[in-house]
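# Give me the fold of what follows.
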Amino acid sequence: HNWGTVRASYFLTQVNRPIVALTLATNMLMRENLGQIESRGVSLDYELAPRRWLAVDGGYQYAHAVVSRGVQDYGRWIPEVARNLATLNVRAFKPRIGTLNLESRMSGHMYDDDANVYLLHSYFRLDAYASHNFGRRLELFAAGENLFDRSIEVSKTPTTTLGQPRVARAGFLFRLGDTGR
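Have a look, this model is predicted:
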């Protein structure tokens with residue numbers, strides 16, 4: 001019985017003279033080359049199958065992503081890169097019952113700008129999907145996204161924009177013709 005796999009990796013990426021949007025003043029950005037940006041960290045990914053009907057996967061990443069060379073913004077975080085990011089997904093399937101998927105994502109805080117003024121707060125998000133087949137032709141499903149209805153900040157330069165609130169949907173899939181199953 002194969003229980004699963006675990007992968008770990010270290011990464012180091014350096015980009016010389018990237019073009020970025022630099023903050024000149026409030027509400028004023030200019031595209032310009034920086035000296036160098038660098039991202040280094042570790043990543044851990046796993047896939048587990050403790051039962052034939054159950055699968056678990058996910059990962060964790062720590063990234064230290066900063067401006068590493070140049071006069072402007074030296075030492076500041078690279079925009080839109082969280083230091084900590086984790087996922088956990090669970091999938092259960094039994095033919096008589098159906099499928100249930102739970103997907104979660106946790107992100108640490110990050111900045112939305114090069115000056116590290118506009119902080120995007122950390123968040124946790126949980127999504128779910130369930131389905132059941134009624135024979136070869138009909139499948140019913142229901143899904144929910146952002147189940148805890150978190151206010152997730154996606155941008156803040158300077159106006160805060162929030163991601164999608166809690167959403168639910170349900171429906172059916174009807175297969176026509178030869179299903180080939």
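# Please point out which parts of the helix or strand hosting H64 sit buried.
Secondary structure from DSSP states H and E places H64 in strand 54-69. Buried residues in strand 54-69, counting neighbours by 16 or more other CB atoms under 10 Å, are found at 55-61, 63, 65-68. Any C-beta I mention is one placed from the backbone N, CA and C, and that applies to glycine too.
# where's S107 relative to D73, distance?
For S107, the distance to D73 equals 22 Å [CB to CB, to the nearest Å].
# more neighbours, those two?
A direct count of neighbours by other CB atoms under 10 Å for S107 and D73 places D73 higher, at 21 against 18.
# Neighbours of L22, how many?
17.
# Now do the same contact list for it.
Listed by CB atoms under 8 Å, 6 or more residues apart in numbering, the contact set of L22 reads 29-32, 34, 72-73, 114.
# now the buried residues of strand 54-69 in JSON lines, with distance to L176 and pLDDT?
Output for the buried residues of strand 54-69, formatted as JSON lines (distance: CB to CB, whole Å; pLDDT from 0 to 100):
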{"residue": "A55", "distance to L176": "30", "pLDDT": "95"}
{"residue": "V56", "distance to L176": "35", "pLDDT": "96"}
{"residue": "D57", "distance to L176": "33", "pLDDT": "97"}
{"residue": "G58", "distance to L176": "37", "pLDDT": "97"}
{"residue": "G59", "distance to L176": "39", "pLDDT": "98"}
{"residue": "Y60", "distance to L176": "43", "pLDDT": "98"}
{"residue": "Q61", "distance to L176": "43", "pLDDT": "98"}
{"residue": "A63", "distance to L176": "47", "pLDDT": "97"}
{"residue": "A65", "distance to L176": "49", "pLDDT": "92"}
{"residue": "V66", "distance to L176": "55", "pLDDT": "91"}
{"residue": "V67", "distance to L176": "56", "pLDDT": "87"}
{"residue": "S68", "distance to L176": "57", "pLDDT": "85"}
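# Can you add distance to E145 and give the residues you listed back as CSV?
Formatted as CSV, the buried residues of strand 54-69 follow (distance: CB to CB, whole Å):
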residue, distance to E145
A55, 20
V56, 20
D57, 19
G58, 18
G59, 20
Y60, 22
Q61, 22
A63, 25
A65, 28
V66, 32
V67, 34
S68, 37
